[in-house]
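Trainee: When you get a sec, could you give me coordinates for this:
(one chain, ligands or ions: 1)
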Amino acid sequence: MSHNILITGASGYLGGSLLARWNEAKLPAYNKLFALVRTPNQADAVKQYGAEPLTFDAYDEAEVWAAVVDNNITVVYHLIAPWPHVSQSYFIKAMAEVKKRTGRDVHFLHTSGAKIFSSHAGAPTEKPLLDSDPKLYEIQKAQQASFPLMQEAIGVNNFVIEEAEKYGIRSYVFVPCIVYGEGEGFGNRISIQTVAIVRAAEAVKCIYRVDTGRPTWPVCHVRDNTNMYLELMHKILADENPSYGQNGYYLASPGSVAWDDLYAAIAAALAKRNVIADDTVVTAKGQDLEAMGKGLGCPAELVSLMLGGNCTFTADRGSKELDWQPLYKPEHILEYADAEVDFILRNKNW
Ligand SMILES: NC(=O)c1ccc[n+]([C@@H]2O[C@H](COP(=O)([O-])OP(=O)(O)OC[C@H]3O[C@@H](n4cnc5c(N)ncnc54)[C@H](OP(=O)(O)O)[C@@H]3O)[C@@H](O)[C@H]2O)c1
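Mentor: Okay, here's the model as predicted:
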């Protein structure tokens, strides 16, 4: 029996882009591809990619159980939310049942985020932190986050690994970073990350840096992010035993850029379009953070979480274990900033 696959978040930026490239990826044979959807329009849309729509509540244990067990789903890509762990826990339990009934290896991928491996989450930042570091699970277990939200998100990464291990399921923690570029899916085509910078700047008519020094953050073009999802799927379907569990962290990123350089590139694009008065990047003070928070719809304390921080998380596993080679260098995000801003402003919905 070959695999039945379920993709969640298919109407999102990352999931939609993944589905859009699915057929050209020439994946090894599988039985069925399902996509979790929430509306009739989404159900129609996923069919164009050869996916069978499934409508159920990912936060209802009985519904998840029925969807997974009745359809013998052996691979789940979870792209809904990095926290809480509720939905992930239901999927893992239901997949354990499929494993029991079929005797097959089953695979659960949790989409996390680079913030959970950053200064915001108490991750070490004094040197590169490799996604292939054999101690990464222990490092995550020891992290003390400055934001309770982040502590919860670290907990979900650990929970997925531990719970999957308990049930004999292969788990993968997939880590997108600042993903940019026009999405290719049928639903949301804009990244949540670059939008936040533009949205805050529009609200306060200026680009503010929220940190001191020159902190950096990993970046990734959406095509490269998609390709890593697909390369991992390829290995899973080919039974090539990609690393999993405590060694199953996969960061999709060709490298990092300094926030200051990203702010400057976005400031130039915004100033050119008269969204802000000029392209100077200014260090934020207390009242600026308040105003930016209003623009972003979050408290001032959370602005730095959305727009800054230091993350030395570095991709190593993808290029070594998967046949993943990025198409775009990290600096491409700076060259592309003008097009990114243009697309965001033309499609903004805040
Ligand atoms: N984009 C990035 O740069 C980035 C970076 C790091 C981490 N991530 C994480 O990666 C994941 C996907 O990101 P994204 O950019 O694709 O987000 P997105 O565009 O906002 O898409 C979110 C997807 O999740 C679905 N969803 C939300 N709540 C759901 C629920 N209760 N039940 C079922 N489906 C639900 C949405 O469906 P509807 O369309 O029906 O609402 C949509 O398909 C998120 O967890 C995000 O935090 C993203």
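
Trainee: who in this structure is up against the ligand?
Mentor: Residues of the chain lying near the ligand by CB under 6 Å from any ligand atom: 8-15, 36, 38, 58-59, 79-82, 111, 113, 176, 178-179, 187-188, 191-193. Yep, even glycine has a C-beta here, placed from its N, CA and C like the rest.

Trainee: which of those are buried?
Mentor: Buried members of the residues of the chain next to the ligand, counted by 16 or more other CB atoms under 10 Å: 8-15, 36, 58, 79, 81-82, 111, 113, 176, 178-179, 187-188, 191, 193.

Trainee: Determine the three-state secondary structure at the closest residue to residue 16 other than its chain neighbours.
Mentor: Excluding the flanking residues, the one nearest residue 16 by CB to CB, 6 or more residues apart in numbering is residue 185, at 1.5 Å. Recorded secondary structure, residue 185: coil (DSSP: H, G, I helix; E, B strand; the rest coil).

Trainee: same question, the one 10 residues further on
Mentor: Counting by three-state DSSP, the backbone at residue 195 sits in helix.

Trainee: residues near the residue nearest to it when sequence neighbours are not counted, how many?
Mentor: Nearest residue to residue 195, sequence neighbours excluded (CB to CB, 6+ apart): residue 344, at 5.6 Å. Residue 344 has 23 neighbours, counted by other CB atoms under 10 Å.

Trainee: give me the residue from the stretch 251-350 of the chain nearest the ligand.
Mentor: residue 252 (9.4 Å; CB to the nearest ligand atom).

Trainee: Now for residue 141: which residues touch it?
Mentor: By CB atoms under 8 Å, 6 or more residues apart in numbering, the contact set of residue 141 is residue 158.

Trainee: doesn't it fall inside a helix?
Mentor: Yes - assessed by three-state DSSP, residue 141 belongs to a helix.

Trainee: Just give me how far stretch 191-204 sits from the chain centre.
Mentor: Mean-position distance between stretch 191-204 and its chain equals 18 Å (CA atoms, centre = their mean, to the nearest Å).

Trainee: do stretch 32-49 as well
Mentor: Remark: stretch 32-49 is offset 20 Å from the chain centroid, using CA atoms, centre = their mean.

Trainee: hey, C-alpha coordinates of that stretch in CSV?
Mentor: Extracted in CSV, the C-alpha atoms of stretch 32-49 (Å, rounded to 0.1, in the frame of the first residue of the first chain):
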residue,chain,number,x,y,z
LYS,A,32,-3.9,9.8,-2.7
LEU,A,33,-3.3,13.4,-2.0
PHE,A,34,-5.8,15.1,0.3
ALA,A,35,-6.0,18.8,1.3
LEU,A,36,-7.8,20.1,4.3
VAL,A,37,-10.2,22.9,3.3
ARG,A,38,-12.7,25.1,5.1
THR,A,39,-14.9,26.5,2.3
PRO,A,40,-16.5,25.2,-0.9
ASN,A,41,-14.3,27.5,-3.0
GLN,A,42,-11.2,26.1,-1.4
ALA,A,43,-12.5,22.6,-2.1
ASP,A,44,-12.9,23.4,-5.8
ALA,A,45,-9.5,25.1,-5.9
VAL,A,46,-7.4,22.2,-4.6
LYS,A,47,-8.9,19.8,-7.1
GLN,A,48,-6.9,21.6,-9.9
TYR,A,49,-3.8,20.2,-8.3
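
Trainee: Could you tell me which of the buried ones among the residues of the chain next to the ligand belong to helices?
Mentor: Among those, DSSP state H puts 13-15, 193 in helices.

Trainee: Including pLDDT, could the residues you listed go into JSON lines?
Mentor: Putting these into JSON lines (pLDDT from 0 to 100) gives the following:
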{"residue": "13", "pLDDT": "96"}
{"residue": "14", "pLDDT": "98"}
{"residue": "15", "pLDDT": "98"}
{"residue": "193", "pLDDT": "86"}
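
Trainee: Among these, which one lies nearest to residue 226?
Mentor: Relative to residue 226, the closest of these is residue 14; by CB to CB it sits at 7.6 Å.

Trainee: quick revisit: spatially, which two of the ones in helices among the buried ones among the residues of the chain next to the ligand are the most separated?
Mentor: Counting by CB to CB, the most remote pair of these is 15 and 193, 15.6 Å apart.

Trainee: does the closest residue in space to residue 261 that isn't next to it in sequence belong to a helix or a strand, and which?
Mentor: Nearest non-adjacent residue to residue 261, counting by CB to CB, 6+ apart: residue 334, 5.7 Å away. Following DSSP states H and E, the helix or strand that holds residue 334 is helix 332-347.

Trainee: What of residue 96?
Mentor: Taking DSSP H and E as the criterion, residue 96 maps to helix 86-102.

Trainee: helices or strands up against that helix?
Mentor: Counting contacts by 3 or more CB pairs under 8 Å, 6 or more residues apart in numbering; DSSP states H and E, helix 86-102 packs against helix 61-70, strand 75-78, strand 107-111, helix 148-167.
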